[in-house]
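> Give me the fold of what follows.
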Amino acid sequence: MRLASTLTTLAALAALGFAQEPTPRQRATEAVRDLAAVLQQLLGEEMKRGGLAGAAKSCAETAQTVTEEFAKERELDLRRISLKYRNQKDQPDDYEAARLKEWEAQLKAGKPLAESAQTVTENGRKYLRFMKPILVQGVCLACHGPRDKISPDVLEVLDARYPRDKATGYQAGDLRGAFTAIVEIRP
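Coordinates of the predicted model:
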């Protein structure tokens, strides 16, 4: 009974605007989680509608836009990055590249990968740098596996859209890259 009363009070306070602002870590975690869900849903829908080649084409045309709009809506910097990037916009900065290399070493050593969150100061401002690893799943291999295993219609889309593509040759379980979020910490 007392728990129900407390929960009702908390809900009422939240409704009145007394809820505490989410922390930078919460904002980053939620943005990454929600973006991943949206991109997975879009990819699944395109695979049903246009097969693998249609999904590759749609990904090339919409994934960056969706990510950029999502970041603007959430008021933070949000990207997907990789050392073996397909799109130039997915190239990691020095901080991100160092973390990706650490994760690759951990994966080779058989260690599990965990999210990374660190407060940094850049150009006199404080930021939370949050990264969540993306591991290659079996379904990913249709576009990111060894080139000789990717279907000709998907290769045609990839070669047309990404003439300098580095994002093939993966195996299931490999580190594909990361979601990365940067949230300014304001006093």
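> Quick one: list the elements packing against the helix ranked longest in the chain.
Across the chain, the longest stretch assigned as helix under DSSP state H is helix 24-74. For helix 24-74, the contact count by 3 or more Cβ pairs under 8 Å, 6 or more residues apart in numbering; DSSP states H and E identifies strand 77-81, strand 125-135, helix 141-144, helix 152-161, strand 175-184 as packing neighbours. From N, CA and C alone the C-beta is placed, and that goes for glycine too.
> Is it possible to get TSV of the ones you listed that adds mean pLDDT and mean neighbour count?
TSV is the format used below for these (pLDDT from 0 to 100; neighbours: other Cβ atoms under 10 Å):
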stretch	mean pLDDT	mean neighbour count
strand 77-81	97	21
strand 125-135	97	19
helix 141-144	92	20
helix 152-161	92	15
strand 175-184	97	22
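> E61 is nearest to which of these?
Among the helices and strands packed on helix 24-74, the nearest to E61 by Cβ to Cβ is helix 152-161 (8.4 Å).
> Point out the other helices and strands that the closest one packs with.
When contacts are defined as 3+ Cβ pairs under 8 Å, 6+ apart, helix 152-161 packs onto helix 24-74, helix 141-144.
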